[in-house]
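Undergrad: below are the sequence and a predicted model; questions follow.
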Amino acid sequence: MALIKLTGEGLTPFIDALRDTSNTTNCTSALRVVQHLGTNAASAVDETLAVLQTRDGSLEENAIIALGSMQSQPQRCIPAILPYLQ
């Protein structure tokens, strides 16, 4: 985790896990890693936004928290999150 924070590299396994939403355990773990990394995980925004399309409440909740932690691409993230706030 420290290496990822320092270099911003090494996210590939987690991004791959985000792409495979059929494995909810691995996807949830990847979302939590992304959340913990915050702005250092900004390269995972696309995959995290895609998780919102799963219609799995737990994955969606973790994706929203991760997106907030990343603080990246608000022009894309805010509209994607707004429906969940109503």
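TA: Okay, I see it. Numbers count the residues shown, from 1 in each chain.
Undergrad: list the contacts for the residue most central in space within the chain?
TA: Nearest to the mean C-alpha position of the chain, by CA atoms, centre = their mean, lies residue 48 at 3.5 Å. By CB atoms under 8 Å, 6 or more residues apart in numbering, the contact set of residue 48 is 18, 31, 34, 63, 66-67, 70. For glycine as for every other residue, the C-beta is placed from the backbone atoms N, C-alpha and C.
Undergrad: next, the closest residue to residue 29 other than its chain neighbours: secondary structure please.
TA: The shortest distance from residue 29 to any non-neighbouring residue, by CB to CB, 6 or more residues apart in numbering, is to residue 17 (6.8 Å). When classified by DSSP: H, G, I helix; E, B strand; the rest coil, residue 17 comes out as helix.
Undergrad: before we move on, what about residue 21?
TA: For residue 21, the assignment made with three-state DSSP gives coil.
Undergrad: so the residue nearest to it when sequence neighbours are not counted is in which element?
TA: Leaving aside its sequence neighbours, residue 21 sits nearest to residue 54 (CB to CB, 6+ apart; 4.7 Å). In the assignment (DSSP states H and E), residue 54 maps to no helix and no strand.
Undergrad: go ahead and confirm residue 54 touches residue 61.
TA: No. Using CB atoms under 8 Å, residue 54 is not in contact with residue 61; the gap is 11.1 Å.
Undergrad: how many other residues sit next to residue 62?
TA: 22 (other CB atoms under 10 Å).
Undergrad: which residues sit in contact with it?
TA: By CB under 8 Å, 6+ apart, the contact list for residue 62 reads 28, 31-32, 35, 51.
Undergrad: can I get the CA coordinates of stretch 11-19 in CSV?
TA: In CSV, the C-alpha atoms belonging to stretch 11-19 read as follows (Å, rounded to 0.1, in the frame of the first residue of the first chain):
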residue,chain,number,x,y,z
LEU,A,11,-3.2,-0.3,-8.8
THR,A,12,-3.6,-2.8,-11.7
PRO,A,13,-4.8,-5.7,-9.6
PHE,A,14,-7.3,-3.6,-7.8
ILE,A,15,-8.6,-2.0,-11.0
ASP,A,16,-9.0,-5.5,-12.4
ALA,A,17,-11.0,-6.5,-9.3
LEU,A,18,-13.2,-3.4,-9.8
ARG,A,19,-13.9,-4.6,-13.3
